[in-house]
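Predicted coordinates and the sequence they were generated for:
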Amino acid sequence: MGGRRTGIDADTIARIADEIVEVHRTGVQIAIVIGGGNIFRGVTAATEGIDRVAGDHMGMLATVINAIAMQDALERRGAQTRVTSAITMAEVAEPFIRRRAIRHLEKARIVICAAGTGNPYFTTDSAAALRASELKCEIIFKATKVDGIYTSDPEKDPNATKIPHANYQRVLAERLQVMDATAIDLARGSSIPIYIFSLREPGNIRRALLGEDIGSMVSD
């Protein structure tokens, strides 16, 4: 959203695409699971009277819009991409087929995974953990609003302290606001570490993927 209240900010998506392409050119294989909260949030809609399942499906469609926008930005910068969708949308995205997606990665294409898991009641966090497990990813990077894991929401609690590292069990037991419990459990089952960092700071995608200490890690 950038500075907008909703929608897609052209400058923000351009900056994110610049950073992704820069890292991708080093030879890193990248699969992106993209959310849709800048356009529509199913959970929020459910509290406002829209059926939860209908709201979640609307949210999935929002992620497809973001995926197409990201694809356009990446390809303008010379990257080869494929948008895959967990729901059938043949005119704009190919279905997510695990072996095909792996082959795209092997051919140095950036794979953008849209529509979450394709099921209501599951977040894009869960989709990220699921796709990471299916594609045998070495790590999950969660680009978010804060620069790591905190004991409470740092935007609301001035006494919140940063936790540089936590194991999966601590995240679940203390309900730390990293990813939802389903996502954490999926990542734990596949032994995939999760690195949480701020997307707001320009250059952070490159710094995170190149191993700089700018966030917090969840692992064994």
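Here it is on my side, so go on. Numbering: from 1, shown residues only.

Residue 185 should be in a helix, yeah?
Yes. Assessed with DSSP: H, G, I helix; E, B strand; the rest coil, residue 185 lies in a helix.

thought it was touching residue 172?
Yes. Counting by C-beta atoms under 8 Å, residue 185 touches residue 172, with 7.2 Å between them. (C-beta placed from N, C-alpha, C; glycine too.)

Do you have the helices of this structure handy? List them.
10-24, 42-47, 52-76, 98-106, 124-134, 168-173, 181-189, 204-209 (DSSP state H).

is it true that residue 148 touches residue 196?
Yes. Using C-beta under 8 Å, residue 148 is in contact with residue 196, at 5.4 Å.

Between the two, which contacts overlap?
When contacts are counted by C-beta atoms under 8 Å, 6 or more residues apart in numbering, residue 148 and residue 196 are jointly contacted by 215, 216.

deepest of the helices of the chain, which one?
Most buried of the helices of the chain, by mean neighbour count (mean count of other C-beta atoms under 10 Å): helix 124-134, with a mean of 23.

helices or strands up against that helix?
Helices and strands touching helix 124-134, by 3 or more C-beta pairs under 8 Å, 6 or more residues apart in numbering; DSSP states H and E, are strand 31-33, helix 98-106, strand 140-144, helix 181-189.

Can you tell me which helix or strand of this structure has the lowest average pLDDT?
helix 42-47 (a mean of 78; mean pLDDT, DSSP states H and E).

And it, how far out from the chain middle?
The chain centre lies 20 Å from the centre of helix 42-47; the measure is C-alpha atoms, centre = their mean, to the nearest Å.

now for that helix, which elements pack on it?
helix 52-76.

Also compute the angle for the helix it packs on relative to helix 10-24, please.
Per axes from the mean of the first three to the mean of the last three C-alpha atoms, to 10 degrees, the angle that helix 52-76 makes with helix 10-24 is 70 degrees.

And helix 52-76, what does it pack against?
On a contact count with 3+ C-beta pairs under 8 Å, 6+ apart, helix 52-76 meets helix 10-24, helix 42-47, strand 81-85, strand 110-114.

before we move on, back to that, so for residue 140, which of the helices of the chain sits nearest?
helix 124-134 (4.9 Å; C-beta to C-beta).
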